[in-house]
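J.: Sequence first, then the predicted structure:
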Amino acid sequence: MTLKTLLTLWTLKTFFQKPKQLTKKPFMALKFRVSLKNQFCAIVALHEALKWQWEVTVALGLEDFSVELFWDVDRQSVHLPEHQRWLVERVMEYGRWPDWLLLKERVSKQELMDLLPTLRISQKSRSFLELYCA
């Protein structure tokens with residue numbers, strides 16, 4: 001998820017929470033009610049943001065990879081041919097088993113073997129790749 005989407009989700013979560021009392025003094029209580037119209041507008045905005053993000057990731061072929069791999073970058077800025085080494089490093093260090101299976105479909109054994117000396121990964125991940133490419 002992009003930072004914009006996360007902020008939207010956090011805002012909506014706090015927006016729809018029940019009113020809370022900020023202090024013990026009754027006259028300082030925060031009373032907040034959300035109208036049905038505002039709820040509908042917030043849901044539509046969230047739907048549009050998520051739909052836009054899904055369209056971008058589908059176009060790049062990265063929709064099946066775990067969201068955790070893209071925690072610090074925008075998915076739309078990642079292009080597989082240019083950022084292949086980066087994606088392999090992310091999958092090997094932070095990915096799950098389905099991410100590894102997707103990576104095997106998109107990157108050949110020969111390409112992985114060529115990338116292996118330049119990868120910045122743990123020794124355990126390096127050994128796994130060496131066994132796979134052998």
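T.: Cool, got the structure.
J.: so how far does stretch 63-77 reach from one end to the other?
T.: 13 Å (C-alpha to C-alpha, to the nearest Å).
J.: Which positions within that stretch qualify as buried?
T.: For stretch 63-77, burial by neighbour count (16 or more other C-beta atoms under 10 Å) applies to 65, 69-70, 75-76. (C-beta placed from N, C-alpha, C; glycine too.)
J.: got JSON lines for the residues you listed, with secondary structure, distance to residue 45 and pLDDT too?
T.: Converted to JSON lines, the buried residues of stretch 63-77 look like this (DSSP: H, G, I helix; E, B strand; the rest coil; distance: C-beta to C-beta, whole Å; pLDDT from 0 to 100):
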{"residue": "65", "secondary structure": "coil", "distance to residue 45": "26", "pLDDT": "87"}
{"residue": "69", "secondary structure": "helix", "distance to residue 45": "26", "pLDDT": "88"}
{"residue": "70", "secondary structure": "helix", "distance to residue 45": "22", "pLDDT": "87"}
{"residue": "75", "secondary structure": "helix", "distance to residue 45": "20", "pLDDT": "81"}
{"residue": "76", "secondary structure": "helix", "distance to residue 45": "19", "pLDDT": "80"}
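J.: Looking at those, which is nearest residue 82?
T.: Nearest to residue 82, judged by C-beta to C-beta, of the buried residues of stretch 63-77 is residue 76 at 13.0 Å.
J.: returning to that earlier point: relative to residue 129, which of the buried residues of stretch 63-77 is nearest.
T.: The closest of these, once distances to residue 129 are taken by C-beta to C-beta, is residue 69, at 16.8 Å.
J.: secondary structure element for residue 89?
T.: Assigned by DSSP states H and E, residue 89 falls within helix 84-94.
J.: Contacts for that helix, please.
T.: Helix 84-94 is contacted from outside by 65, 68-69, 78, 80, 99-100, 102-103, 107, 111-112, 115, 118-122, 125, 128-129, using C-beta atoms under 8 Å, 6 or more residues apart in numbering.
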